[in-house]
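Colleague: Build me a structure from this.
(one chain, ligands or ions: 2)
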Amino acid sequence: AAVATSIDTTGVFVHLFEWSHSDVADECENFLAPMGYNGVQVSPPNEHITGSEWWTRYQPVTYNLTSRSGSPGEFQDMVDRCTAVGVDIVVDAVVNHMAAGGGGSGVAGTSYSNRQFPDYDQTDFHHTSDLDTNCAVTDYTNQQDVQECDLVGLPDLDTSSSKVQDTIAGYLNGLWDMGVKGFRIDAAKHQEASQMNGYISQLPDEALVFGEVIEGGNEAVKPEMYEPYMMVTEFDWAQDVAPNVISEGKLQYLSTVGESWGLIPSETAVIFTDNHDTQRGNAPLTYKDGEEYNMLNLFMLASTYGYPKVMSSYYFTDHDQGPPSAGANEDTCGNGSDWVCEHRWPGIAGLVNWRKTAVAGESGKPSMDNWASSDDGNTVAFSRGGAAFVVLNRAGNDVSGTYKTGLPAGDYCNVIVGSDKDCETVTVNGDGTVDVTTQSMTAVAIHTGALA
Ligand code: LM2
Ligand code: CA
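Modeller: Numbering: from 1, shown residues only. Ligands and ions are numbered 1, 2, ... in the order given. I've put the predicted structure just below:
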């Protein structure tokens with residue numbers, strides 16, 4: 001599970017945050033498969049506490065597949081329909097902890113009490129001399145504190161216990177048997193890596209597993225600790241790249257993004273512009289930033305580093321605000337919708353198949369070649385492996401230029417402008433150059449899979 005997986009990590013996946021299973025299934029068939037996305041991360045599908053806030057999904061009550069997103073039958077239908085069209089399901093697995101508080105009942109009606117659930121009793125949790133209590137995570141310079149105390153009051157499972165490891169493995173293997181191909185392990189930083197391997201090693205080798213580990217300068221727990229066992233989230237990608245999109249003149253510096261910037265190895269990195277936590281926290285750019293956010297996504301998809309995950313959100317103003325309720329027979333991403341659907345933005349969607357073409361027939365990921373940047377550093381152009389070429393223009397004005405594409409001569413479609421529009425033709429000359437005008441804050445992208 002460390003690197004080689006059944007999901008092709010040279011592709012692109014999308015986090016359809018809080019989407020219902022039936023909407024995800026429709027989206028796989030109607031949009032994700034045709035546009036070339038190869039996976040969807042879904043919100044935690046297991047039984048969670050009641051309440052309207054989005055974060056109720058991060059308080060498990062059981063591993064039964066009843067959640068705000070739908071029933072077990074709807075979950076299986078989604079997995080079947082998405083997998084059938086080549087889009088694999090990645091489950092957000094919340095296994096570091098269970099629901100907080102004195103007790104209550106979950107969305108499927110299962111009752112629980114303080115640190116006692118159908119699957120776990122008090123001894124399955126880290127605890128003080130009193131089985132009812134545990135320390136609180138407070139000191140991120142102390143590994144034991146981070147991994148064995150309760151995170152924001154959430155009872156912390158004793159992941160050193162083989163019973164706990166086997167119970168988690170049972171949940172994940174059950175999902176695998178239903179056709180799920182990947183797992184995001186929530187709060188991986190709060191679990192010791194080799195203990196996590198106690199359940200990861202019980203999964204088929206082909207399972208994609210990535211741990212959520214947020215790196216902090218002086219912290220005791222490092223992403224590197226997880227790399228022997230799984231892929232890892234690289235939160236620094238957005239933190240380091242976004243400032244070069246936000247400030248003018250810095251796009252030129254992005255040719256080297258990767259290990260030389262202090263990022264984890266590309267093959268182990270899951271990258272994203274923002275996620276459901278950082279878009280409510282310290283993300284440098286989110287959908288609320290419009291064009292600059294779009295540009296960050298375009299660079300993420302066109303460049304070589306990591307396995308990119310596109311964030312797809314709903315509009316929110318309040319931190320805790322839960323998802324919009326789905327209207328019957330309504331196109332989730334239609335006009336006036338409460339869902340942002342960043343994954344459908346024309347440039348973002350267009351670059352997914354562009355990336356697929358770029359890596360097709362290559363043994364690894366082709367590097368960025370023919371790199372060119374304008375004198376003001378605002379416009380860059382590069383090719384990927386003789387099949388794909390892009391110009392990114394962060395300037396406040398349209399920019400015309402002549403670039404080497406590395407592509408065969410011919411007429412191509414600019415895939416940035418949207419599949420629903422007539423093809424905007426871009427001609428590669430006999431010498432492999434192209435003369436194009438790239439509009440302000442957008443891109444021109446062509447590939448051998450989209451000829452005019
Ligand atoms: C994660 N990764 O490590 C998730 O990505 C993140 O979204 C989760 O926090 C967290 N870890 C635990 O899975 C969210 C949310 C918290 C929320 C928790 C649990 O950001 O605010 O905490 O889910 O639902 C909420 C309250 C908090 C309270 C806690 C326990 O906001 O004030 O703490 O429930 O009742 C006393
Ligand atoms: Ca823990």
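Colleague: The residue positioned nearest the centre of the chain - nearest residue in space that isn't next to it in sequence?
Modeller: Note on the chain: the residue nearest the mean C-alpha position is K309, at 3.2 Å, using Cα atoms, centre = their mean. Closest residue in space to K309, ignoring its immediate chain neighbours: F272 at 4.4 Å, by Cβ to Cβ, 6 or more residues apart in numbering. Any C-beta I mention is one placed from the backbone N, CA and C, and that applies to glycine too.
Colleague: how many neighbours does the one you found have?
Modeller: 25 (other Cβ atoms under 10 Å).
Colleague: ditto for the one 3 residues further on
Modeller: N275 has 24 neighbours, counted by other Cβ under 10 Å.
Colleague: cool, the one 3 residues further on as well?
Modeller: Residues near T278, counting by other Cβ under 10 Å, number 19.
Colleague: Let me see the backbone angles for the residue nearest to K309.
Modeller: Main-chain dihedrals, F272, degrees, to the nearest 10: phi -160, psi 150.
Colleague: residues making contact with whatever helix or strand F389 lives in?
Modeller: In this structure, F389 sits in strand 388-393 according to DSSP states H and E. Here strand 388-393 makes contact (Cβ atoms under 8 Å, 6 or more residues apart in numbering) with 251, 295, 298-299, 302, 351, 354-355, 357-358, 370, 378-384, 399, 401, 403, 405-407, 428, 434, 436, 438-448.
Colleague: Paired strands for it, with orientation please.
Modeller: Next to strand 388-393 in the sheet, as set by DSSP bridges, lie strand 379-384 (antiparallel), strand 442-447 (antiparallel).
Colleague: just so I know, which of the ones you listed lies nearest Y287?
Modeller: Smallest distance to Y287 across these (Cβ to Cβ): 16.3 Å, for strand 442-447.
Colleague: what does the average pLDDT come to for that closest one?
Modeller: Averaging pLDDT along strand 442-447 gives 98.
Colleague: How far off centre is it?
Modeller: 23 Å (Cα atoms, centre = their mean, to the nearest Å).
Colleague: can you check stretch 109-116 too?
Modeller: Using Cα atoms, centre = their mean, the offset of stretch 109-116 from its chain centre is 31 Å.
Colleague: Please point out which parts of it sit buried.
Modeller: Buried residues in stretch 109-116, defined by neighbour count with 16 or more other Cβ atoms under 10 Å: 112, 115-116.
Colleague: May I see these arranged in TSV, with pLDDT and secondary structure as well?
Modeller: Listed next are those as TSV, based on pLDDT from 0 to 100; DSSP: H, G, I helix; E, B strand; the rest coil:
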residue	pLDDT	secondary structure
Y112	98	strand
R115	98	coil
Q116	98	strand
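Colleague: Just the buried ones from the contacts of strand 388-393?
Modeller: 251, 295, 298-299, 302, 351, 354-355, 357-358, 370, 378-384, 399, 401, 403, 405-407, 428, 434, 436, 438, 441-448.
Colleague: Out of those, which are close to ligand 1?
Modeller: The overlap between those and the neighbours of ligand 1 (Cβ under 6 Å from any ligand atom) is empty.
Colleague: all helices of the stretch 201-350 of the chain, in order?
Modeller: Here the stretch 201-350 of the chain has its helices, by DSSP state H, counting those that start in this stretch, at 236-241, 243-246, 291-302, 346-359.
Colleague: Return the closest of the buried residues of stretch 109-116 with respect to M225.
Modeller: R115 (27.3 Å).
Colleague: check contacts around that closest one.
Modeller: 98, 121-122, 125, 127, 131-132, 155.
Colleague: how does it look with 7 Å?
Modeller: Contacts for R115 (Cβ atoms under 7 Å, 6 or more residues apart in numbering) come out as 122, 125, 132, 155.
Colleague: Now the closest residue to the first one other than its chain neighbours: phi and psi?
Modeller: The shortest distance from Q122 to any non-neighbouring residue, by Cβ to Cβ, 6+ apart, is to L131 (4.2 Å). When quoted as degrees, to the nearest 10, the phi and psi of L131 stand at phi -60, psi -20.
Colleague: Let me know how buried N134 is, in neighbour terms.
Modeller: Count around N134 with other Cβ under 10 Å applied: 20.
Colleague: What residues does the chain have near ligand 2?
Modeller: 96, 147, 156, 190-191 (Cβ under 5 Å from the ion).
Colleague: sec struct for the residue lying closest to G350 once chain neighbours are set aside, please.
Modeller: Of all residues not flanking G350 in the chain, V415 sits nearest, at 3.5 Å (Cβ to Cβ, 6+ apart). Of the three states, V415 takes coil under DSSP: H, G, I helix; E, B strand; the rest coil.
Colleague: mind listing what V415 touches?
Modeller: 350-351, 353-354, 445-447, 450.
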